[in-house]
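Q: predicted model follows, preceded by the sequence.
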Amino acid sequence: MKKPTATLPRAVIMDCDPGNDDAIALLLAIASPEDFNILGVTCVGGNVPLEQVCINARQICELAGRPDMPIYSGCTKALIQEPKADNSHGFSGLDGTNLPAPKMPLQEEHAVTFIVKAIKNHPTKVTLCPTGPLTNIAMALRIAPEIKENIEEIVLMGGSITSGNITAAAEFNMYLDPHAAFIIFTSGLKVTMLGLDVTHKIAASPKQLAKMRALNNNPALQSANMLEKTQDFDMHNFGTSGRVVHDPCVPIYLIKPELFKTKKAKVLVDIFHPDHMGGTIVSFHKKHTKDANAYVPYDVDHEGVFDIMIERLGRYTK
Ligand code: RIB
Ligand code: CA
């Protein structure tokens, strides 16, 4: 039974692998109750192993003053590929922070079971906001394909129009689980792919870090410290002006989509060539967008994105 489409605040599930940029994406979503009714946070192995991801997600929700947030542990590794953590976030995944060990519990239910149930039981359609490998989402679609009719859309961070950041072909989230990505992009669902071509323009320069610190609250301070601690990786490898803040583009796109220039596209995920696994091939050509399967932002007002990031982080009072 199709449900009414989402109204504000839209019901969302934040599927993530914190990681410092996932952490900031979570902080922004939690600080935006007029935009997001967060049904739950689901964890997936990615930047760091799953057990550490689940510790990090709880630390961030406690930092945000939400020890009541339902957090679920999900898939440890990809559907087929062997796990490969990305050490750019440091050993803990939140290097640069000094957060206490979490006190809040994880939910007993598996993340995939939660995703299926939440979509089936919520009175309106649910928006999925994955910022890590897409394993949990793909598993939910395979276990219960009928949930598709009650998914509003998937707005994800991943992929790229041009080159990757792990291999020349593949961005990290796609690289880690190319088969899950293939399932998402062939699902027929409304998918918006926030890829490296826009996220690499969202680099935390010293000016932006100073604005974060000037907010004088712990979430903003911890965010600035994480980004500064890990900035060398992106500055050295990609020539950016600071740490790239990829994942906050997901909540910010949903808050203010007009900050992004977006076109319909045909996106193909490579699951065949051993050296290109997870590569996303994106065509905006009319010839191919007759059967478009995604909306792909190709440019962004990076100052506008940071304005929202600072404004929403500024809502924290301690
Ligand atoms: O390629 C960037 C993506 O990989 C981000 O989601 C970051 O958190 C890592 O998961
Ligand atoms: Ca991530």
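A: Arrived safely. Ligands and ions are numbered 1, 2, ... in the order given.

Q: could you list the contact residues of the chain toward ligand 2?
A: Neighbours of ligand 2 within the chain, by Cβ under 5 Å from the ion: 17, 19, 22, 131, 132, 247. The way it works is simple: take the backbone N, C-alpha and C, and place the C-beta from them, glycine included.

Q: so what's the third one closest to, chain neighbours aside?
A: Nearest residue to residue 22, sequence neighbours excluded (Cβ to Cβ, 6 or more residues apart in numbering): residue 16, at 4.1 Å.

Q: for the one you found, give its distance to residue 69.
A: 12 Å (Cβ to Cβ, to the nearest Å).

Q: what's the overlap in contacts for those two?
A: residue 41 (Cβ atoms under 8 Å, 6 or more residues apart in numbering).

Q: these two: who's more crowded?
A: The neighbour comparison of residue 16 against residue 69 (other Cβ atoms under 10 Å) goes to residue 16, with 32 against 20.

Q: phi, psi of the more buried one?
A: Main-chain torsions, residue 16, degrees, to the nearest 10: phi -150, psi 170.

Q: just to revisit the earlier point, what about the residues of the chain next to ligand 2, which are in helices?
A: Of the residues of the chain next to ligand 2, the ones assigned to helices by DSSP state H are residue 22.

Q: tell me the one of the residues of the chain next to ligand 2 nearest residue 304?
A: Distance to residue 304, by Cβ to Cβ, is smallest for residue 247 among the residues of the chain next to ligand 2, at 17.1 Å.

Q: show the contacting residues for whichever residue of the stretch 101-250 of the chain sits closest to ligand 1.
A: Closest approach between the stretch 101-250 of the chain and ligand 1, counting by Cβ to the nearest ligand atom: residue 172, at 3.5 Å. Neighbouring residues of residue 172 by Cβ under 8 Å, 6+ apart: 46, 86, 158, 164, 165, 166.

Q: on the pLDDT front, check it for me.
A: Per-residue pLDDT puts residue 172 at 96.

Q: now residue 261
A: Residue 261 carries a pLDDT value of 98.

Q: over to it: give its phi and psi.
A: phi -90, psi 120.

Q: quick one, what contacts the most centrally placed residue in the chain?
A: Of all residues in the chain, the one closest to the mean position by Cα atoms, centre = their mean is residue 131, 1.7 Å from it. Neighbour list for residue 131: 14-17, 19, 21-22, 25, 156-157, 173, 246-247, 250 [criterion: Cβ under 8 Å, 6+ apart].

Q: okay, those in TSV with distance to residue 239 next?
A: As requested, the contacts of residue 131 are exported to TSV (distance: Cβ to Cβ, whole Å):
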residue	distance to residue 239
14	30
15	30
16	27
17	25
19	21
21	18
22	23
25	24
156	25
157	20
173	21
246	16
247	21
250	24
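
Q: count the neighbours of the residue in the stretch 1-150 of the chain that ligand 1 sits nearest to for me.
A: When scored by Cβ to the nearest ligand atom, the stretch 1-150 of the chain has residue 19 as its residue closest to ligand 1, at 3.7 Å. Neighbourhood size, residue 19 [other Cβ under 10 Å]: 30.

Q: great, nothing more from me.
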